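[1] The following comprises the amino acid sequence and a computationally predicted model.
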Amino acid sequence: MQRKIEDITAELIRLPKQDRLEIVRFLLFLDNRPSDADDVESAWEKEIADRVLAVKDGTAVGIDYDEAMRKIDERFAS
């Protein structure tokens, strides 16, 4: 059975102010997401899963921490 907007609204009014604000933030977030956000999220999830698998399989190529930091410093030096 689908709930009516009036019933939901009545429940929301009874919530504490902080809970109502959290719901508002959530709804605003949903309305402001780019339409392709789901595609981007899916792509990142696949990338993460692929990287985890590469580490587990031993096919990931890592570099030394100091070397990584040196490369970052070089790339972002002003």
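    Yep, it's here.
[2] Only C-alpha atoms from now on, for both contacts and neighbour counts.
    Noted.
[3] Distance check, the residue most central in space within the chain against I48.
    For the chain, the residue sitting closest to the mean C-alpha position, by CA atoms, centre = their mean, is E41 at 7.1 Å. Distance, E41 to I48, by CA to CA, to the nearest Å: 11 Å.
[4] what is the mean pLDDT for the helix or strand hosting K71?
    Per DSSP states H and E: K71 is located in helix 65-76. Helix 65-76 shows a mean pLDDT of 92.
[5] And for stretch 44-53?
    Computed over stretch 44-53, the mean pLDDT rounds to 92.
[6] Same check on stretch 14-32?
    Mean predicted confidence for stretch 14-32 is 89.
[7] Find out how far it is from the centre of the chain, if you would.
    Chain-centre distance of stretch 14-32: 18 Å, with CA atoms, centre = their mean, to the nearest Å.
[8] For that stretch, buried residues please.
    Buried residues in stretch 14-32, counting neighbours by 16 or more other CA atoms under 10 Å, are absent.
[9] got a list of contacts for that stretch?
    With contact meaning CA atoms under 8 Å, 6 or more residues apart in numbering, stretch 14-32 is reached by 12-13.
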